[in-house]
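Trainee: below is the structure, and that's it, no one-letter string:
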């Protein structure tokens with residue numbers, strides 16, 4: 001008895017699975033055998049497989065495609081830019097389009113976060129920010145102030161430092177990390193709150209945990225606290241009200257820089273271009289952007305840095321990299 005057309009198409013799809021591709025979070029024992037859906041095209045909020053089956057892109061391209069698939073205005077703008085100029089080295093040149101985009105971004109940035117350093121994506125934005133913090137303390141003569149505090153359930157990318165700051169157990173299997181400089185505190189997950197605690201008490205407990213960790217390591221050694229406004233990949237965890245504002249106050253008290261990882265929460269995910277100030281009522285020292293910055297249409301990320309921090313470096317002699325950043329701060 002002949003197989004149905006749809007069954008034959010499904011088998012054909014399975015037979016075309018390319019076992020030369022290593023997919024994220026793939027069980028290697030099933031490489032080349034796991035039954036994956038092959039996506040052929042996309043439009044709006046939908047994906048279509050080779051059989052024409054229509055699927056809702058629930059994660060939005062893993063929180064990436066904020067404005068949906070197939071937006072012609074974006075495709076046309078990308079085409080026009082590529083045909084005009086696909087690349088110019090930021091080490092020796094600057095570009096008008098990068099300058100204009102940086103200028104538009106800082107109009108929405110909170111407080112004095114007015115310096116833009118463009119990267120190729122979110123993970124590189126995380127690493128760039130952490131390297132900047134270490135560079136910053138080196139220039140100021142605080143060479144021991146290098147320790148980083150992150151949280152369980154956090155996700156901060158797949159590069160070495162970013163992955164080291166991530167706190168999801170499934171991301172830790174059989175990999176090595178910078179455990180000598182990265183420390184984790186518990187997740188501010190209200191669903192794990194003891195029944196005898198109010199939300200406010202639970203919040204204060206988590207904030208105190210951060211301060212205790214800073215004191216334990218030594219405030220003269222802790223450089224930064226990195227936190228997603230909402231822990232996205234770690235479970236879409238919304239912290240208790242006031243958590244970010246209070247942890248920011250602790251960081252200021254101990255001269256620890258606050259890095260807000262808005263790679264997922266930025267560009268409309270919480271109703272604003274930037275969520276830290278508008279939604280959580282605090283202004284971090286550094287904000288990280290990616291994903292929605294281009295809606296995933298081209299690779300791009302950004303580190304948004306406080307003028308207060310940059311002002312301490314601008315007049316230093318022989319600060320080659322960030323003197324270059326100052327002059328080319330709007331370059332891709």
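Mentor: The structure has been received and is ready for your questions. Since the model is a prediction, treat every value here as computed from it, not as a measurement.
Trainee: output the below-cut-off pLDDT ranges for the stretch 201-332 of the chain.
Mentor: 315-332 (pLDDT under 70).
Trainee: strands of that one, start to end?
Mentor: Here the stretch 201-332 of the chain has its strands, by DSSP state E, counting those that start in this stretch, at 222-227, 257-261, 286-289, 301-306.
Trainee: closest to residue 78 out of those?
Mentor: strand 301-306 (16.6 Å; C-beta to C-beta). (Each C-beta comes from the backbone N, C-alpha and C, glycine too.)
Trainee: who does the closest one pair up with?
Mentor: Sheet pairing of strand 301-306 (DSSP bridges) gives strand 113-119 (antiparallel), strand 286-289 (antiparallel).
Trainee: can you list contacts of it?
Mentor: Contacting residues not belonging to strand 301-306 are listed as 105-106, 109, 111-125, 128-129, 132, 263, 285-290, 293 [C-beta atoms under 8 Å, 6 or more residues apart in numbering].
Trainee: quick one: buried ones out of those residues?
Mentor: Listed as buried from the contacts of strand 301-306 are 105-106, 109, 112-119, 121-125, 128-129, 132, 263, 285-290, 293; burial here means 16 or more other C-beta atoms under 10 Å.
Trainee: still on that earlier bit, I'd like the strands of the stretch 201-332 of the chain as JSON lines, with distance to residue 212 appended.
Mentor: Formatted as JSON lines, the strands of the stretch 201-332 of the chain follow (distance: least, C-beta to C-beta, whole Å):
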{"stretch": "strand 222-227", "distance to residue 212": "12"}
{"stretch": "strand 257-261", "distance to residue 212": "17"}
{"stretch": "strand 286-289", "distance to residue 212": "23"}
{"stretch": "strand 301-306", "distance to residue 212": "26"}
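Trainee: does residue 108 really touch residue 274, like I thought?
Mentor: Yes. The pair residue 108 / residue 274 is scored as a contact, 5.8 Å apart, by C-beta atoms under 8 Å.
Trainee: who has more neighbours, these two?
Mentor: Neighbours were counted for residue 108 and for residue 274 using other C-beta atoms under 10 Å; residue 274 has more, 24 against 15.
Trainee: distance check, that one against residue 288.
Mentor: 11 Å (C-beta to C-beta, to the nearest Å).
Trainee: pull up the overlap in contacts between these two.
Mentor: residue 262.
Trainee: so where does residue 184 fall, helix or strand?
Mentor: strand 182-185 (DSSP states H and E).
Trainee: ok, residues contacting that strand?
Mentor: By C-beta under 8 Å, 6+ apart, strand 182-185 touches 147-152, 154, 161, 164-165, 167, 206, 209-210, 213, 217.
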